[in-house]
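Chemist: Mind looking at a prediction? Sequence and model below.
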Amino acid sequence: MSNSDYAHSTFEIVLAIVLSFILASSLNVYPLSLGTAILRPMVMIMVLIFWLIFQPRHVGLFTAFTIGLIADLLLDTRLGQQAFAAVVMALVIKIASIYIKQLRTLGAWFLACICLLVFQAVLWILQLITQNTFVPQVGVSMLMSMACWPLILLALRRYTH
Amino acid sequence: MNPSIFARQPLSFRKTVAILIVAMILMWFDSKNPEWFNPIRSTSHAAMQPIYELSLLPSYAAHWSSGRMQSKEALRRENVQLKSELIHARAKLQQQDYILAQNARLQGILSTTRPEQYDLTLAQVIGTDTNPLKQIVVLNKGVQDGVKVGQTVIDEKGILGQVINVYPNTSRLLLITDELQSVAVTIKRTGQRAIITGEGTPADLRLNYVFKTSDVRVGDEVVSSGLGGRIPAGYAVGRIRYVDPDQGDNFMHIEVTPAANFNDNSYVLVLQDKTSKSVQRQALLEATEAAAFDELPVVGALQPVDTMANPALVNPTAPATMPSTANDAVQSSR
């Protein structure tokens, strides 16, 4: 269990944020076989949720928008789709932060699950409206992301303060 | 795990709405003019290449370990089996050489030529693309092995697709099952021409522009016709699985099962030109091809299909240049 008494410097946190996003994006595009590709969690969005919850001073709407755009480019979805969904998700976290005073591990996980659900729902609706396509298989990837989110929390627990 | 307290940040709806509008504008632009964003997209794909190359390592490791694990006896048996297969294949090839020579002679008589001689490069599929909406896989051969954009990729059973991006050591292959990909085909039994389009799933293709009066049966084999100018003629594409004439359209609804294995193919073959043809020569060949197809008997009312598949057919100047270019091409192919 990490010691959270000392505060991280701003530089250290920003560096951690950038590195985590680079690592997450590489995990996101790592080629997998057709069978396992469907199980691939949305690592970038998971990391984004972590930073939105625990470092709202450094990671806000603009970061969500940028990460969404990068995800759009990497995953070849229509430009702006994931950015839109990520911003809506960021808004949900902001609204939640007004009501939730204290957040424990389980609470954070629950919030992350809601965020992933919101993200995927917005993405499905956007794809249905703009491209008239609906891909229910992505739901598996969403459930996988929900199950794996505590791993992100574990990996980045030093920066929960 | 430590409890955590949210740091309060002001909630700014105005900013959120502004960003959401920007995202919507981007989506609108991307739907109207996707080519505007091509430079950014190709840059981002190029940025992914180190990761793709990194992903080659596990396959090397698996290859190495399987080499270590297999027993000598198993290897010896496999070797014997492969040798006998090779002898059979060689025997068949002898016959094929004769047929090829005969074919070239006959084509000379008909003043047509199809110099489709390809080098086959073996490549391995290292993974799929990240977007489930697209039928794209990544291959482990790139520019350094002579792979170029537009080259056709097949497996042992049929056509897989064509290369859309190349990088130093990897390339991306758009499968024919993608919704954006179409192949000009002929039905082997009747010689009828049509166009096959992907459906976005690995086991479905659709045969378009076949009139209700046409003779099409379940089980008919569909091969590429080469009319589009991209995918060479004569390779298997699929087999007709379902024909539905009762539709309120002029054309039949036909479903095709693809011949190639899109689900778990690990090794594929990239068709590469034997000689690097100049652009001029390519143009001459295309004119010849167009002329040759103009002379073929047209079955039924197929004219709209032809013009769709090959715009060169409607070009009135193409047949005029036919005799000289055809002879020229025959000479050079010998």
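Modeler: Cool, got the structure. Numbering: from 1, shown residues only, chains lettered A, B, ... in the order given.
Chemist: Okay, now the unreliable bits of the stretch 201-334 of chain B?
Modeler: Counting by pLDDT under 70, the ranges of the stretch 201-334 of chain B that qualify are B:247, B:264-265, B:275-334.
Chemist: Let me see the ranges of the helices in it.
Modeler: Ranges of helices in the stretch 201-334 of chain B, per DSSP state H, counting those that start in this stretch, are B:279-295, B:303-309, B:322-333.
Chemist: With chain A instead?
Modeler: Counting by DSSP state H, residue ranges of the helices within chain A are A:10-29, A:34-37, A:43-54, A:61-75, A:81-99, A:105-130, A:138-155.
Chemist: Leaving out sequence neighbours, find the closest residue to the residue in chain A that chain B sits nearest to.
Modeler: For chain A, the residue closest to chain B is A:P31, as judged by Cβ to the nearest Cβ, at 2.0 Å. From N, CA and C alone the C-beta is placed, and that goes for glycine too. Counting by Cβ to Cβ, 6 or more residues apart in numbering or on different chains, B:G127 is the residue found nearest to A:P31 once chain neighbours are left out, at 2.0 Å.
Chemist: which strands and helices sit next to the host helix or strand of that neighbour?
Modeler: Using DSSP states H and E, B:G127 sits in strand B:118-128. Secondary-structure packing of strand B:118-128 (3 or more Cβ pairs under 8 Å, 6 or more residues apart in numbering or on different chains; DSSP states H and E): helix A:34-37, helix B:56-69, strand B:136-139, strand B:267-273.
Chemist: Pull up the distance across stretch B:43-55, start to finish.
Modeler: End-to-end distance of stretch B:43-55: 19 Å, with Cα to Cα, to the nearest Å as the criterion.
Chemist: likewise stretch B:65-75?
Modeler: For stretch B:65-75, the end-to-end distance is 14 Å (Cα to Cα).
Chemist: and that stretch, how far from the chain's centre?
Modeler: Averaging C-alpha positions (Cα atoms, centre = their mean, to the nearest Å) puts stretch B:65-75 35 Å from its chain's average.
Chemist: So what's the model's average confidence on it?
Modeler: Averaged across stretch B:65-75, pLDDT comes to 80.
Chemist: same check, this time on stretch A:74-91
Modeler: Taken as a whole, stretch A:74-91 has an average pLDDT of 89.
Chemist: How about stretch B:144-162?
Modeler: 90.
Chemist: what residues does that stretch touch?
Modeler: The contact list for stretch B:144-162 (Cβ atoms under 8 Å, 6 or more residues apart in numbering or on different chains) reads B:121, B:123, B:135, B:139, B:141, B:163-166, B:168-169, B:171, B:173-178, B:181, B:183, B:224, B:230-232, B:235-238, B:258-262, B:265, B:267-272.
Chemist: So what sits opposite B:V222 in the bridge?
Modeler: Per DSSP bridges, the residues bridged to B:V222 are B:I187, B:G238.
Chemist: re earlier: what's around the residue nearest to A:P31, how many residues?
Modeler: 23 (other Cβ atoms under 10 Å in any protein chain shown).
Chemist: got a list of what it touches?
Modeler: By Cβ under 8 Å, 6+ apart, the contact set of B:G127 is A:30-33, A:37, B:52, B:55, B:137-138.
Chemist: Go through those residues and name the one nearest B:H45.
Modeler: Nearest to B:H45 among the contacts of B:G127, counting by Cβ to Cβ, is B:Y52 at 9.4 Å.
Chemist: Check which strands are paired with the helix or strand harbouring B:V163 and give the direction for each one.
Modeler: Assessed by DSSP H and E, B:V163 sits inside strand B:159-166. Sheet pairing here is set by DSSP bridges, and for strand B:159-166 it gives strand B:152-154 (antiparallel), strand B:171-175 (antiparallel).
Chemist: Of those, which is nearest B:R206?
Modeler: Of all the strands paired with strand B:159-166, strand B:171-175 sits nearest to B:R206, with 14.2 Å by Cβ to Cβ.
Chemist: And for A:L126, the neighbour number?
Modeler: Neighbourhood size, A:L126 [other Cβ under 10 Å]: 21.
Chemist: Quick test: name the residue nearest the centre of chain B.
Modeler: B:G161 (2.0 Å; Cα atoms, centre = their mean).
Chemist: if I look at B:N208, how far off is chain A?
Modeler: 19 Å (Cβ to the nearest Cβ, to the nearest Å).
Chemist: whoops, I mixed them up, B:R230
Modeler: Noted for B:R230: a distance of 21 Å to chain A, by Cβ to the nearest Cβ.
Chemist: what's around that residue, how many residues?
Modeler: By other Cβ under 10 Å, neighbour count at B:R230 equals 15.
Chemist: Confirm for me that the residue of chain A closest to chain B is in contact with B:Y52.
Modeler: Yes: the criterion here is Cβ atoms under 8 Å, and A:P31 meets it with B:Y52 at 6.1 Å.
Chemist: Can you check which residues contact both of those two?
Modeler: Shared contacts of A:P31 and B:Y52, defined by Cβ under 8 Å, 6+ apart, comprise B:126-127, B:138.
Chemist: just checking, what packs against the lowest-mean-pLDDT helix or strand in chain A?
Modeler: Ranking every helix and strand in chain A by mean pLDDT, DSSP states H and E puts helix A:34-37 at the bottom, with a mean of 73. Counting contacts by 3+ Cβ pairs under 8 Å, 6+ apart, helix A:34-37 packs against strand B:118-128.
Chemist: show me where pLDDT drops low in the stretch 1-150 of chain B?
Modeler: Along the stretch 1-150 of chain B, segments meeting pLDDT under 70 span B:1-11, B:59, B:111-116, B:130.
Chemist: Looking at it, which residue is nearest chain A?
Modeler: Counting by Cβ to the nearest Cβ, the stretch 1-150 of chain B gets nearest chain A through B:G127, at 2.0 Å.
Chemist: Now do the contacts for the closest residue to B:N131 other than its chain neighbours.
Modeler: Excluding the flanking residues, the one nearest B:N131 by Cβ to Cβ, 6+ apart is A:D76, at 4.4 Å. Contacts for A:D76 (Cβ under 8 Å, 6+ apart) come out as B:41, B:129-131, B:134, B:136.
Chemist: Ok, A:W149 next?
Modeler: Going by Cβ under 8 Å, 6+ apart, A:W149 touches A:46, A:49-50, A:109, A:112-113, A:116.
Chemist: Check the burial of the residue of the stretch 201-334 of chain B found nearest chain A by counting its neighbours.
Modeler: In the stretch 201-334 of chain B, the residue that lies nearest chain A is B:N263 (6.0 Å; Cβ to the nearest Cβ). Neighbours of B:N263 under the rule other Cβ under 10 Å: 10.
Chemist: rewinding a little: identify the bridge partners of the residue of the stretch 1-150 of chain B closest to chain A.
Modeler: Beta-bridge pairing of B:G127 under DSSP bridges involves B:V138.
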